[in-house]
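Novice: give the three-dimensional model of this entry:
(one chain, ligands or ions: 1)
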Amino acid sequence: MLERLKNGLTNFKGVTYKKYEQLYQDLEQKQNPHTLFIACSDSRVDPERLIDSEPGEIFMIRNIANTIPTYELSQRDLTTVSSVEYAVEVLGVKEIVVCGHSNCGGCAAALGGREKLEHLPFTQNYLEPLEAVKEKIEKNHNHEDDDSKARLMEQMNVIEQVEHLKTYPWIKQKVENGDLEIEGWLYDIKTGSVFVYDEATEAFCESEEYQNVHK
Ligand SMILES: [Zn+2]
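Specialist: Residues are numbered from 1 along each chain as shown. Alright, predicted model coming up:
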């Protein structure tokens, strides 16, 4: 075991667990998270710190580039889909956040094209649905530089994944009934800012500004 992991476990039991001891005991039999958080596996993304949550608050799915297959293609990724199903249908979360981030390797790989992923057949297959996002960028933003295209890919990927969630009938129904909210977020690693996609303006908006508009 890495030294870092040994130290982490010791610190958890001696310090962190003690801090939350009562909470952990209350949570022993049942969880009641308010949010399903779908984020990239990237080590720099830290959802619990990002929203300052305590144990038991968020149900989490993490995969490369925070993707969810459409309902039609749900068999492609049963790990993700079953976790979404459990969070929505059993745990009854009130909100789903799809959180992308700056400098996402998964988005960059999808944007780079299939040929660059030839030595990673699983990843190539997994990222195939992002081809549609890549094609939109190539069609409408081809004149922009590589950095801008990469940022666009990260943004448009979040929007795309939010739309994928809405293809599930049981999600669509809950959203229409006002029992479930879905938001697309983009976390900027360098500045610590989170940008929220505003469907009304079709733009990402800094989270505090978004909160002011959507009180
Ligand atoms: Zn990523």
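Novice: max-length helix in the chain?
Specialist: As assigned by DSSP state H, the longest helix anywhere in the chain is helix 146-165.
Novice: buried stuff in it?
Specialist: Residues 149-162, 164-165 are the ones in helix 146-165 that count as buried (16 or more other Cβ atoms under 10 Å). From N, CA and C alone the C-beta is placed, and that goes for glycine too.
Novice: chain center to it: distance?
Specialist: Here helix 146-165 is found 12 Å from its chain centre; the criterion is Cα atoms, centre = their mean, to the nearest Å.
Novice: do that helix and the ion meet?
Specialist: No. Helix 146-165 lies out of reach of the ion by Cβ under 5 Å from the ion, never closer than 8.1 Å.
Novice: for that helix, packing partners?
Specialist: Secondary-structure packing of helix 146-165 (3 or more Cβ pairs under 8 Å, 6 or more residues apart in numbering; DSSP states H and E): strand 95-101, helix 105-112, helix 131-140, strand 181-187, strand 194-198.
Novice: send the alpha carbons of the helix or strand just after that helix over as CSV?
Specialist: Using DSSP states H and E, the helix or strand that follows helix 146-165 in sequence is helix 169-176. Output in CSV follows, covering the C-alpha atoms of helix 169-176 (Å, rounded to 0.1, in the frame of the first residue of the first chain):
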residue,chain,number,x,y,z
PRO,A,169,-39.0,8.5,-20.0
TRP,A,170,-39.0,8.3,-16.2
ILE,A,171,-36.6,11.2,-16.0
LYS,A,172,-38.5,13.3,-18.5
GLN,A,173,-41.7,12.7,-16.5
LYS,A,174,-40.2,13.8,-13.2
VAL,A,175,-38.7,16.9,-14.8
GLU,A,176,-42.0,17.8,-16.3
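Novice: give me every residue in the chain lying close to the ion.
Specialist: When proximity is defined by Cβ under 5 Å from the ion, the chain lies next to the ion at C40, D42, C104, G106.
Novice: repeat the analysis, applying 8 Å as the threshold.
Specialist: Proximity of the chain to the ion, by Cβ under 8 Å from the ion, involves residues 40-42, 45, 64-66, 100-101, 103-107.
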